[in-house]
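A.B. asks: Sequence first, predicted model second:
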Amino acid sequence: MMRQPLDLGSQYLRASVCDGVLRVTIARPARRNALTVEMYHGLKRAAVLAEKSREISILLITGTEGVFCVGGEMAERHEGTVRADRETDRFDLLPFAEFERCPKMVVTAVNGLCHGGGLNLVLFSDLSIASDQARFRAPELLRGVADCFLGARLASRIGVARAKELLFTAREITASEAHAIGLISRTAPAEAFDEAVERLLHEVHQTAPRARTLLKRDINRHLPPIDYAMFAESLASEEVHEGFAAFAERRAPRWVKGC
């Protein structure tokens, strides 16, 4: 069946619908697939469109050129097309909670590097498959950001001790380690990754759609709430200002102490 292209409002999101799957590819390799405001909003739009469409049963998110997503754009290189006010709309632009609200299955196919906001995409999806070349990291505290999405979902996915270790050290882990601790659903060799993704989609399509929706809702109702107020306080802090400045200037933040 021919794929039907779909406009999600960002030049860096390639989207199409075919055989019940809305496929979205994050395609901004020059910036390691860092998400602009428009891209975040486009991913949220994809989840809303999937929910409203009778033809779509799965939303699939993947990346290009060995990178899944390294998180949000930190150099303010956005596209300038979103009409929403970033100050007043705040977290309404972000797709994470929408992934959980969406009654359709959300699948992340992690083809490579997966950091920060990319990790949040995984944590808020229903199923995740990763290439054996993928790498995972939560670097937010290196920038002074207390991320409410990581706080709400990482510990419930992999346990408190492992979550604290990944958050408080910002250590990068391999796909095999991520699978071993339950961060992702399954892994596949890079050379057979596309086939493994298609096999996963096929398996999902064998299960009853309405029952899937009901079970997703039942499982997700046990998840902890998201502390948006904590996140807002963190983003307005001096630590975030310093952390972002240090990143842009390629230096260590001033809070780093010498040995």
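C.D. replies: Nice, thanks for sending it over.
A.B. asks: so where do the strands sit in the stretch 1-150 of the chain?
C.D. replies: 4-6, 13-18, 21-26, 58-63, 67-69, 105-110, 113-115, 127-131, 135-137 (DSSP state E, counting those that start in this stretch).
A.B. asks: most packed of the ones you listed?
C.D. replies: Mean neighbours per residue, mean count of other CB atoms under 10 Å, is largest over the strands of the stretch 1-150 of the chain for strand 67-69, with a mean of 28. The C-beta positions use only the backbone N, C-alpha and C, and glycine is treated the same way.
A.B. asks: So which other helices or strands are in contact with it?
C.D. replies: With contacts taken as 3 or more CB pairs under 8 Å, 6 or more residues apart in numbering; DSSP states H and E, strand 67-69 sits against strand 105-110, strand 113-115, helix 117-123.
A.B. asks: Listing partners with orientation, what would you give for the shortest one?
C.D. replies: It refers to strand 113-115. Strand 113-115 has its sheet partners listed here by DSSP bridges as strand 67-69 (parallel), strand 135-137 (parallel).
A.B. asks: tell me the average confidence for the first one?
C.D. replies: Translated: strand 67-69. Strand 67-69 carries an average pLDDT of 98.
A.B. asks: ok now that strand, how far from the chain's centre?
C.D. replies: 9 Å (CA atoms, centre = their mean, to the nearest Å).
A.B. asks: Need the residues that contact that strand.
C.D. replies: If you take CB atoms under 8 Å, 6 or more residues apart in numbering as the criterion, strand 67-69 is touched by 26, 29, 32-35, 62-63, 108-118, 121, 134.
A.B. asks: Kindly report the same for the last one.
C.D. replies: Contact partners of strand 135-137, identified using CB under 8 Å, 6+ apart, comprise 110, 112-116, 119, 122, 130, 166, 170-175, 178, 183-184.
A.B. asks: of those residues, buried ones?
C.D. replies: Buried subset of the contacts of strand 135-137 (neighbour count, 16 or more other CB atoms under 10 Å): 110, 112-116, 119, 122, 130, 166, 173, 175, 178, 183-184.
A.B. asks: from those, which single one is nearest residue 49?
C.D. replies: Nearest to residue 49 out of the buried ones among the contacts of strand 135-137 is residue 122 (CB to CB; 20.6 Å).
A.B. asks: circling back to that earlier point, want to try CSV for the helices and strands packed on strand 67-69, with mean pLDDT and distance to residue 192 as columns?
C.D. replies: What follows is the helices and strands packed on strand 67-69, written out as CSV (pLDDT from 0 to 100; distance: least, CB to CB, whole Å):
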stretch, mean pLDDT, distance to residue 192
strand 105-110, 98, 13
strand 113-115, 98, 19
helix 117-123, 98, 20
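A.B. asks: mind checking which of the ones you listed is nearest residue 222?
C.D. replies: Closest among the helices and strands packed on strand 67-69, using CB to CB: helix 117-123, at 14.9 Å.
A.B. asks: What about residue 246, how many residues nearby?
C.D. replies: As a burial measure, residue 246 scores 18 neighbours (other CB atoms under 10 Å).
A.B. asks: Residues touching whichever strand or helix holds it, excluding its own?
C.D. replies: Assessed by DSSP states H and E, residue 246 sits inside helix 238-249. Helix 238-249 is touched from outside by 74, 75, 142, 143, 144, 145, 234, 252, 253, 254, 255, with contacts defined as CB under 8 Å, 6+ apart.
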